[in-house]
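# Pasted the sequence and its predicted model underneath.
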Amino acid sequence: MTRISFRLAQHTSRDIEVVEVLCDGEVCGTIYPIEDSRMVLVSAHIRGVLHEDGTQSNPPIPTLLVDFNPEPYEIRHGRIVKPRRAQ
């Protein structure tokens, strides 16, 4: 099971504060603001995202559920490539 945690960090190229998403202590994503009332989560480790509209929860608050796959990857020919597992 992967342990998710967070830490604040300074984004050096844009001089803004970001939230680093850690998977078992290693950075696997970054959350940062882009304009009024909007933010971005970037990660090569996102396996899937589920958007719940909140109608099934009490109180009815919309939710995003993000599933991470913390396995290593490479970028080849502009694409994210996960290593093949031994069978």
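Ah, there it is. The model shown is predicted, which means the values in this text are computed figures rather than measured ones. Residues are numbered from 1 along each chain as shown.

# pLDDT weak spots in this protein?
85-87 (pLDDT under 70).

# Point to the residue nearest the middle of it.
Gly29 (4.2 Å; CA atoms, centre = their mean).

# what packs against the helix or strand where that one lies?
Using DSSP states H and E, Gly29 sits in strand 26-35. For strand 26-35, the packing partners by 3 or more CB pairs under 8 Å, 6 or more residues apart in numbering; DSSP states H and E come out as strand 16-23, strand 38-42. Every residue, glycine included, has its C-beta placed from N, CA and C.

# Determine which stretch of these is the most buried.
Counting by mean count of other CB atoms under 10 Å, strand 16-23 has the highest mean neighbour count of the helices and strands packed on strand 26-35, with a mean of 16.

# strand partners of that strand, parallel vs antiparallel please.
strand 4-11 (antiparallel), strand 26-35 (antiparallel) (DSSP bridges).
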